[in-house]
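Asker: Give me a model of this one.
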Amino acid sequence: MPRQTKRSETIQIPLDIASGKISKAMEIYGVTTLLRIRQAISRHPDLSGLLGPVAKELEDQEKQLRVAKSAVSTAKSLIRKSV
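Answerer: Sure thing, here's the model as predicted:
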């Protein structure tokens, strides 16, 4: 396997950072915050009108983060193949 060039290495590092940040955001949106919102709605059903749309927005944002993470992964694999 050929060694990475300085250019591919300088591209790979920001992609690795972006991937980590996206993963953390997915964890926060997809797991922690959404779970807390659903718990609040189940404990206080009168809040469903207020918090339901927020939960839907978080689900949509989490889907967009999955797309972004996939794009970063694809870019990383393309860089590895080109080296």
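Asker: only C-alpha atoms for contact and neighbour calcs from this point on.
Answerer: OK.
Asker: In whatever helix or strand residue 54 lives in, which residues are buried?
Answerer: Element membership for residue 54 (DSSP states H and E) is helix 48-82. Buried residues in helix 48-82, counted by 16 or more other Cα atoms under 10 Å: 48, 51, 55, 58-59, 61-62, 65, 69, 72-73, 76, 79-80.
Asker: Give me the lowest-pLDDT entry from those.
Answerer: The lowest pLDDT within those belongs to residue 80, with 82.
Asker: so where's the chain shaky on pLDDT?
Answerer: The model of the chain has pLDDT under 70 over residues 1-5, 83.
Asker: change it to 50
Answerer: Scanning the chain for pLDDT under 50 picks out 1.
Asker: how close does residue 32 get to residue 71?
Answerer: From residue 32 across to residue 71, the span is 24 Å (Cα to Cα, to the nearest Å).
Asker: got it, and residue 37?
Answerer: For residue 37 relative to residue 71 (Cα to Cα), the value is 29 Å.
Asker: Likewise for residue 52?
Answerer: Applying Cα to Cα, the value for residue 52 to residue 71 is 29 Å.
Asker: do residue 44 as well
Answerer: Here residue 44 is placed at a distance of 39 Å from residue 71 (Cα to Cα).
Asker: now swap in residue 29 and tell me
Answerer: Residue 29 is 19 Å from residue 71, where distance means Cα to Cα.
Asker: got it, and residue 19?
Answerer: Residue 19 is 10 Å from residue 71, by Cα to Cα.
Asker: do residue 11 as well
Answerer: To residue 71, residue 11 is 14 Å away according to Cα to Cα.
Asker: swap in residue 20?
Answerer: If you go by Cα to Cα, the gap between residue 20 and residue 71 works out to 13 Å.
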